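**Student:** compute the structure for the input listed below.
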Amino acid sequence: MMGQSKETRTRNVPLGISLVRSLGPRCVHREAAYKALAAALTFFTYMTYHMSRKAISVVKTEWYPDNCSKVNHTVTACPTSNTTGSGDDGVCDCWGPFTNDSKLGDLDFAFLLGYAVAMFASGQIGDRVNLRYFLFVGMTLTALFTSLLGLAYFYNIQHMWFFVLINTLGGMVQSTGWPAVVAIMANWFGVGNRGFILGLWNSHTSFGNIIGAIIPAVWVHHAWGWSFIVPGLIVAGMAVIVLLFLVVDPEDVDCPPTQQHLPPPSSGANVTADTNSDTEALFPVNGSSPGGYGAVNTSPDVSPPARTANSAVGFFAAFKIPGVLEYSLCLFFSKLVNYIFLYWLPPYVHAVKVHGHFLTPEKSAFFSSLFDVGGIVGGVLLGIFSDRTGASATGSVAMLLLGIPVLYVFNAYGGESLAALLSLMALTGLLLNGPYSLITTAVAADLGTHEALQNDVNAKATVAAIIDGTGSIGAALGPYLVGIILQEVNNPWQYVVHICMASSLLSAVFLSRITYKELSLWRRRSRGHHSLQ
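**Tutor:** Residues are numbered from 1 along each chain as shown. This next block holds a predicted model:
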């Protein structure tokens, strides 16, 4: 960080990096090497976070098999043995307290509520401590609570309070991940091409979901405890690697800091129209009125409050950065949809008849990963579009609106054939996961270094936490509602799809103001370009 003494920077160098330095000559392209290392380590860090939280969606098919709702809509008791069966004999073989779908929804709600509440605190803490240690502690605790869920199988723990408590605590410690990795990436990668880089980098969530569906599926039918313990061990191993090798800030290893703000336009540029009342901030910060996210305040009359270069911004000051409110509300509904897919897509696929037959839990978990494959492509495409046009809100709204009819077609015709199911699943992931990916990465990083903050550059983790924390409240609500719907109504999946369609529409609505301004700016620039010809 800027202003660090040489002694402080030396203390911040990870032990593994110091060892590598001592064993060999310095790399010629050292800055590029450190950037690649930071990107790779944060990528695998958050991939393992997502891998560990995906396991529960796979194991749900064993805790409360699909045949339970067919045999008896509400089961009053489950077998007390520590094994579950496939239910082929017509007997409902659920696990412990999971006598209906809504109780599985309770677990999702407990995890995500703990995650959302703790996220706001994690952002504030992350801007004030060494993020390497912060991640190590968070990952170690994540490994512990993930593994504890698996121990329930081997020790025959069938108490609802145990699962709710472990899931809540697991959600709280997992909130350490996102604000930390976004802040580190923002330290190493400045403005200019963040959309593409962070869009590609954000595929860690999809890869984590894919691996998190495949690994637990190996044991889900035979000994589902390993479906949690193995991911937990992987997270623990990654925590050690982070502690030894992750460099948080370029200055820790004597690399130059990255550019965090776009340079102000020259006085002779034809940009006066760009800073008129059409781009006034919803909540002015320190008297400035930049429009949209990433806009530059060029007013000579505005002077920021005096702060030290390393001071961390307060929660409410970060919340008032232009664009934070709207992107947070958009993410509330976008993440609601994405987490319904995260937690309930394997059971949904398992419930769809393809050519008159139900897919097995293993195949359902494996095929559901195509949603995340589509999400990787969508995040990269939207990131490239944002870099080239600066119109992140416009691109996000377009994808969200296109996703609504695709959701309808997916539900109505996905069972026509396996090819239709898989292709529509991937297309749905592309359209719905793209905006979610961009907002939580490039947009959050840019807003965390917004020009309105001036020297107060330590808002990256706080802003990322505000946006993702607000989105996580929606993420907690969505899967919880699905659990209730599956228990209370007939033909429940069509209602779930309707919720996803309505939420996608609301996500687009909350970005309408910024979209209008982006389109207005594009029209003015187009007219100015033609007038010069």
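**Student:** lowest mean pLDDT among the helices and strands of the chain, which one is it?
**Tutor:** helix 66-71 (a mean of 50; mean pLDDT, DSSP states H and E).
**Student:** low pLDDT regions in the stretch 351-500 of the chain?
**Tutor:** Under the criterion pLDDT under 70, the flagged ranges of the stretch 351-500 of the chain are 448-458.
**Student:** quick check: nearest residue in space to S396, chain neighbours excluded?
**Tutor:** What sits nearest to S396 in space, not counting adjacent residues and going by C-beta to C-beta, 6 or more residues apart in numbering, is P435, at 3.7 Å. From N, CA and C alone the C-beta is placed, and that goes for glycine too.
**Student:** I'd like to know how far the one you found sits from H50.
**Tutor:** 18 Å (C-beta to C-beta, to the nearest Å).
**Student:** and A420, by the same measure?
**Tutor:** In terms of C-beta to C-beta, A420 sits 27 Å off from H50.
**Student:** where do the strands sit along this structure?
**Tutor:** For the chain, the strands defined by DSSP state E occupy 353-354, 357-358.
**Student:** where does the prediction get shaky in the stretch 101-250 of the chain?
**Tutor:** Judged by pLDDT under 70, the stretch 101-250 of the chain has its weakly predicted residues at 101-102, 191-193.
**Student:** could you pull out the helices for it?
**Tutor:** 101-126, 131-154, 160-174, 177-188, 194-201, 203-219, 226-245 (DSSP state H, counting those that start in this stretch).
**Student:** so what's V220 up against?
**Tutor:** By C-beta atoms under 8 Å, 6 or more residues apart in numbering, the contact set of V220 is 58-59, 61-62, 227, 361-362, 365.
**Student:** pretty sure L244 is in contact with V20, am I right?
**Tutor:** No - when contacts are counted by C-beta atoms under 8 Å, L244 is not listed as touching V20 (9.8 Å).
**Student:** between those two, which has more neighbouring residues?
**Tutor:** More crowded of L244 and V20, by other C-beta atoms under 10 Å: L244, with 17 against 14.
**Student:** for that one, which non-adjacent residue is closest in space?
**Tutor:** G16 (3.4 Å).
**Student:** measure the one you found to G483 for me?
**Tutor:** Using C-beta to C-beta, G16 is found at 43 Å from G483.
**Student:** ok, F111 next?
**Tutor:** Separation of F111 from G483 (C-beta to C-beta) stands at 12 Å.
**Student:** higher neighbour count, those two?
**Tutor:** Using other C-beta under 10 Å as the criterion, F111 and G483 rank with F111 on top: 29 against 23.
**Student:** ok so, going back, neighbour count: P435 and H50, which is higher?
**Tutor:** P435 (32 against 22).
**Student:** enumerate every residue touching that one.
**Tutor:** Going by C-beta under 8 Å, 6+ apart, P435 touches 330, 334, 382, 395-397, 399-400, 507.
**Student:** number of nearby residues for H159?
**Tutor:** For H159, using other C-beta under 10 Å, the count is 11.
**Student:** cool, A419 as well?
**Tutor:** Neighbourhood size, A419 [other C-beta under 10 Å]: 9.
**Student:** oh, and call the first residue 739 from now on, that's how I've got it
**Tutor:** Taking 739 as the first residue, the last one we looked at is A1157.
**Student:** is C993 in contact with L775, as I believe?
**Tutor:** No - using C-beta under 8 Å, C993 makes no contact with L775, being 11.3 Å away.
**Student:** which helix of this protein spans the most residues?
**Tutor:** Criterion DSSP state H: the longest helix present in the chain is helix 768-801.
**Student:** how far does it sit from the chain's center?
**Tutor:** Computed by C-alpha atoms, centre = their mean, to the nearest Å, the chain-centroid distance of helix 768-801 equals 11 Å.
**Student:** ok, N750 - contacts?
**Tutor:** Per C-beta under 8 Å, 6+ apart, neighbours of N750: 742, 868, 870, 986-987, 990.
**Student:** and the buried ones among the residues you listed, selectable in PyMOL?
**Tutor:** Entered in PyMOL, the line below selects the buried ones among those, by 16 or more other C-beta atoms under 10 Å:
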select buried, resi 742+870+986+987+990
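**Student:** adding distance to N947, write the contacts of N750 out as JSON lines.
**Tutor:** As requested, the contacts of N750 are exported to JSON lines (distance: C-beta to C-beta, whole Å):
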{"residue": "Q742", "distance to N947": "37"}
{"residue": "N868", "distance to N947": "29"}
{"residue": "R870", "distance to N947": "25"}
{"residue": "V986", "distance to N947": "26"}
{"residue": "D987", "distance to N947": "29"}
{"residue": "D990", "distance to N947": "32"}
